[in-house]
Structures are given as structure tokens and as C-alpha cells.
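Q: Could you look at this predicted model? Sequence included:
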Amino acid sequence: MLKRIPVAEVKLGMYIHAIEGPWLAQPFWRPRFRLTSIDQLTELRQSSVKAVVVDLARSNTPPKADMATRVRRAQTRAAIERRAADFRAARHLTNDARTVMKAAFEATQRGEIPNADEIDGVVQSIRQALDRNRSMLLGMMRLKKSDSYTYFHSVAVGTLMINFARELGLPDEEVRMMGLGGLFHDIGKIRIAKTVLNKPGKLSAEEWDEMRRHPAMGHALLEEADVPATALDVCLHHHEKMDGTGYPFGLTGDQISLAARMGAICDIYDALTSERPYKAACAPVAAVAAMASWAGHLDPDLLFVFMKSICVFPVGMLVRLRSGHLAMIRDNGRQTARARLSVFYDIAEQRLLPPSELFLSDIDVSTAMLESPDPLTYGLDNWPTIKEALLEGHDPSAP
């Protein structure tokens, strides 16, 4: 008995008598066969085929429970395989990018022009890897070999800059420029003695003076190598601070370009989350919490966007949602990429609510979160008390 059924209703064990549509659009070379594997079923459902003709007499479908179990196992296996493939791709990217940047740094030091095509290839590969599995790539960037730290750090900061620029919605060419700025930001360190770069203890005054010269030395190298102006800017100014206490020029506020302010954030975050001979690596949440506490150092609005770009927020931070509510970041243990929120305040009605839980992974972070506001703006002059209640799991709206 032949029966026409839509592809969505096809099950393992069914005997396919015919596949509708042109032959070239069909995923299988045989016109008639029995579906015996999950891979065959998946390929059929992902194809452009809308319906098939099944020979019910020759079909042998398994019981529903068995079928459900097999599907779950196949989905789990596929997820594991995808994660393993993403891991291998991220590892290959970081190693290949490190090799390219090492060659570029050494060429620049010799007064030669780096291979622009290879460097642009690194930027493009990073963008593709971010599309494939952002969290995997950003996590991989925290794993560095001590003997090639400078090159791995440059690749990591370049990756963070590209990810950051995309979060800001910058045009493609500006995203590319930000990536190049991150890749070359620390090139001046190839002129710093390794005994100073890797010193396990506190630097002496003379050693610190030498370290502070690396932005200018890098800028001089890049000028000779004819790299884009954005890379020159990030290299020279990524240690400037918003309050004027940075170096080498003590610039303040808007005197520091967007690219340099972004570079400062990415450079510090990667340095904090990396293991070095003189310090242990910070957890991402601890790193962003420390950065948020340094009043006057970093652009606070940009820092919040950066947190969005890496999906990591410090516990206790107040955020405003596009839904018209205020929420506070809660501790979620080791699952830092799945930050937990307590939604507790209705802005329109100006009243506290019994806290409800929400996870950032359950919403579109790029559109759901607007800003990290000042609690006084909403009349929350007792914010420290509310914050303490939320952290302890209590209801701040209760009398």
C-alpha cells in the first residue's frame, strides 16, 4: 500500500518508494530504499524535499518510545560532535593566527611590511569562528602558552575587539579596523626585555619606565610598516584612562578615540583572565567586576557593552531591560555565560515587585538590555538595602 506523506512525518524503518521533486534536488542517489539511520532521516528533513511516497507494506517502523530514545541519543551525539568540531576549529584558528602574528611582529621589527593578506585572513577567520561558536572561541582565547604569550595575547585582543565592534553594530570595515587594532596593539613589547615582561615580582622604577615606553615604540614600528591609522591609534593610546591618569600622554575623556577606549577594555580583560608567571588567571566574572570598580579608568558605557558582548556581568550589577523593568545580576555559580537575573522593579508603575528569575541565555541580550543605570534615577535611594535583600534571596517588596 502506497501513501504520500510530508517529510516531517517520515520515521525510521519506513520504505521510501518515491521522492517528490526533480532528481537533482534529492539527497539520495537511490530512488527506493528503507530509512535505517538517523543520518538519513536528518538529511531528508533538511533537504528541499516536501513529501515522499511510502510503501507501508514494506515499512518496519519502531515503537514510539524506542524512536524517541533513538532521536534523543542522536541529538546528544550530534551536539557532542558539533562541540568537538567547534573546539578543533577554535584551536586551529588560535594556533594559525599566533603563527601569522609572530611573523608579522618579527617582520615589523626588521623594518619590513607584514603580509597584509595573511593578517586580513586572520581577521576574517576570527569573524567566521565567532559566528560558528562565540563562547567556544572566547573561552579558547584565555588558554595561552607562556613562551608565545605576546602573540596569543594579540590574537585574543583582536578577537575581543572584533566581537566588541560587532556588538556595537559598527560597519564591516570598522569591525575589520578594530580587529587590526587589537592584533597590533602590543607590538611595542617586542622591544621590551623578556626579563621585564615576565618578571614575577614588582617592577622597579626603571623597569616600569621601560614598560611604559612600549606604546610609543610600537607606534614607531607600525608607522614604518604602513598599517591603518586605527591600528596606530590603538597601539599608542590603549593605556590612556578616562580620568587622565593613563600614559603616554595623560589624555582624558573624548580626547581618547572610540578605538583606543575599546582597546583598553579588551587589553585589560584579556590580561586579567590570562595566567602569567607573576599571577594567576582571574575568572571572567571577577575580571569584569574589578574593571567596573575602577572609577575613572574605563568608559563605563562601553564597558557595559563589552560585558554584553562576552555575556559576563558582575554579581550585583543593576540593569534596565527593554521590558521596562529593573533587574540585578545574581550569582549563577560556574555558569558565568548563563547569567541569572532577579527582576524586581516596574519602571512605569514605580514600584517594587516580588523578584522573578530570568536567565540572559533565555532572551536576546543584544536587544533586551539597554544600560546599567544609576539607581537614584528611579528613586531607589535605598538601593544598597534592596541589593542586599536580592543577594540573600529575599523579597525587597515585602513589608
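A: Received the coordinates, thanks.
Q: If you count contacts, what does the lengthiest strand in the chain end up packed against?
A: Determined from DSSP state E, the single longest strand within the chain is strand 351-359. Using 3 or more CB pairs under 8 Å, 6 or more residues apart in numbering; DSSP states H and E, the elements in contact with strand 351-359 are strand 325-330, strand 340-346. The C-beta positions use only the backbone N, C-alpha and C, and glycine is treated the same way.
Q: How far off centre is the host helix or strand of Thr108?
A: Under the criterion of DSSP states H and E, Thr108 resides in helix 64-109. Computed by CA atoms, centre = their mean, to the nearest Å, the chain-centroid distance of helix 64-109 equals 15 Å.
Q: and what of stretch 119-134?
A: 12 Å.
Q: For Phe304, give its distance to His185.
A: Distance from Phe304 to His185, counting by CB to CB, to the nearest Å: 22 Å.
Q: Neighbour count: the two, which is higher?
A: His185 (32 against 20; other CB atoms under 10 Å).
Q: for the more buried one, what are its contacts?
A: Counting by CB atoms under 8 Å, 6 or more residues apart in numbering, His185 makes contact with Ser154, Val157, Gly218, Ala231, Val234, Cys235, His238, Gly263, Asp267.
Q: so what's the last one scoring on pLDDT?
A: What the model reports for Asp267 is a pLDDT of 96.
Q: Now the helix or strand harbouring it - C-alpha only, CSV.
A: Asp267 is part of helix 258-272 when elements are defined by DSSP H and E. The C-alpha trace of helix 258-272 is given here as CSV (Å, rounded to 0.1, in the frame of the first residue of the first chain):
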residue,chain,number,x,y,z
LEU,A,258,36.5,55.0,20.5
ALA,A,259,39.0,52.5,19.2
ALA,A,260,41.5,53.3,21.9
ARG,A,261,38.8,53.1,24.6
MET,A,262,37.7,49.7,23.3
GLY,A,263,41.3,48.6,23.1
ALA,A,264,41.9,49.5,26.7
ILE,A,265,38.9,47.4,27.8
CYS,A,266,39.9,44.3,25.7
ASP,A,267,43.5,44.5,26.7
ILE,A,268,42.8,44.7,30.4
TYR,A,269,40.2,41.9,30.3
ASP,A,270,42.5,39.5,28.5
ALA,A,271,45.4,40.3,30.8
LEU,A,272,43.3,39.7,33.9
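Q: can you list contacts of the very next helix or strand once past that helix?
A: Sequence-wise, the next helix or strand downstream of helix 258-272 (DSSP H and E) is helix 284-293. With CB under 8 Å, 6+ apart as the test, helix 284-293 has contacts from 142, 265, 268-269, 272-273, 282, 297-298, 300, 303, 306-307, 310, 312-315, 317, 336.
Q: Try it again at 10 Å.
A: Contact with helix 284-293 is made by 138-139, 142, 264-265, 268-274, 281-283, 297-298, 300, 303-304, 306-307, 310-317, 329, 331-332, 334, 336-337, 339, 372, as judged by CB atoms under 10 Å, 6 or more residues apart in numbering.
Q: Quick one: buried ones out of these?
A: Among the contacts of helix 284-293, those buried by neighbour count (16 or more other CB atoms under 10 Å) are 138-139, 142, 264-265, 268-274, 281-282, 297-298, 303-304, 306-307, 310-315, 317, 329, 332, 336-337, 339, 372.
Q: Check which helices and strands the helix holding Asp267 sits against.
A: helix 149-167, helix 172-184, helix 229-237, helix 284-293, helix 300-310 (3 or more CB pairs under 10 Å, 6 or more residues apart in numbering; DSSP states H and E).
Q: tilt between that helix and helix 300-310?
A: 60 degrees (axes from the mean of the first three to the mean of the last three CA atoms, to 10 degrees).
Q: the inter-axis angle of helix 258-272 versus helix 284-293?
A: Between helix 258-272 and helix 284-293, the angle comes out at 130 degrees (the same axes, to 10 degrees).
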